[in-house]
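Peer 1: coords below, sequence missing:
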């Protein structure tokens, strides 16, 4: 578990730094433009309407909508997500596709209210990276909202585990 968490965090930071490199020319081109928009949305989530309770509930529901099906898929090797019986191998192409489509579905249906982080590392580490990188006209890192995409997925993940344990 610690290696998984460290991998998630390292991947989030690396992704944010690579994003900065990809957009570096645009950041430089807009350095002197007073009309340049803040850049946080390139790195982290933001709510459509800032309502802490509604945003938190949306993150919880979206995370349960991701984690609970993945846990259930793991019980059925036919989905290509769980351990393949009699081997040490995990997953397959169809399992990856199922999870990818699940994430897209969650984004399309629940992404608007909170930006759907559905993973604390997906929002927090890129937000920290945004705060540290030298980006012209970057605006704020919005630390007042930063707790929502961390706490919501943690609660959603815990609820998913409780439901899964109760069902199995």
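Peer 2: Cool, the structure landed. Just so we're clear, the structure is a prediction, and the values are computed from it rather than from any experiment.
Peer 1: name the helices or strands packed onto the top helix by length along the chain?
Peer 2: Determined from DSSP state H, the single longest helix within the chain is helix 2-29. On a contact count with 3 or more Cβ pairs under 8 Å, 6 or more residues apart in numbering; DSSP states H and E, helix 2-29 meets helix 40-43, helix 120-132. Every residue, glycine included, has its C-beta placed from N, CA and C.
Peer 1: and the angle for the helix or strand that the last one is followed by with helix 120-132?
Peer 2: Read it as helix 120-132. Using DSSP states H and E, the helix or strand that follows helix 120-132 in sequence is helix 148-167. Taking axes from the mean of the first three to the mean of the last three Cα atoms, to 10 degrees, one finds that helix 148-167 is oriented at 170 degrees with respect to helix 120-132.
Peer 1: now do the buried residues in helix 148-167.
Peer 2: Judged by neighbour count using 16 or more other Cβ atoms under 10 Å, the buried positions of helix 148-167 are 148-150, 152-153, 155-157, 159-160, 164.
Peer 1: so what touches that helix?
Peer 2: 44-45, 47, 52, 55-64, 66-68, 71-72, 114-115, 117-120, 122-124 (Cβ atoms under 8 Å, 6 or more residues apart in numbering).
Peer 1: what remains of those residues if I keep only buried residues?
Peer 2: Buried among the contacts of helix 148-167 (16+ other Cβ under 10 Å): 44-45, 47, 55-64, 66-68, 71-72, 114-115, 117-120, 122-124.
Peer 1: stretch 11-19 - what's its average pLDDT?
Peer 2: The predicted model assigns stretch 11-19 a mean pLDDT of 95.
Peer 1: residue ranges with poor pLDDT in the chain?
Peer 2: When residues are selected by pLDDT under 70, those of the chain lie in 77-93.
Peer 1: among the contacts of helix 148-167, name the ones in strands.
Peer 2: Using DSSP state E, no member of the contacts of helix 148-167 sits in strands.
Peer 1: which of these fall within helices?
Peer 2: Per DSSP H, helices hold the following members of the contacts of helix 148-167: 52, 55-64, 66-68, 71-72, 114, 120, 122-124.
Peer 1: sweet, I'm off.
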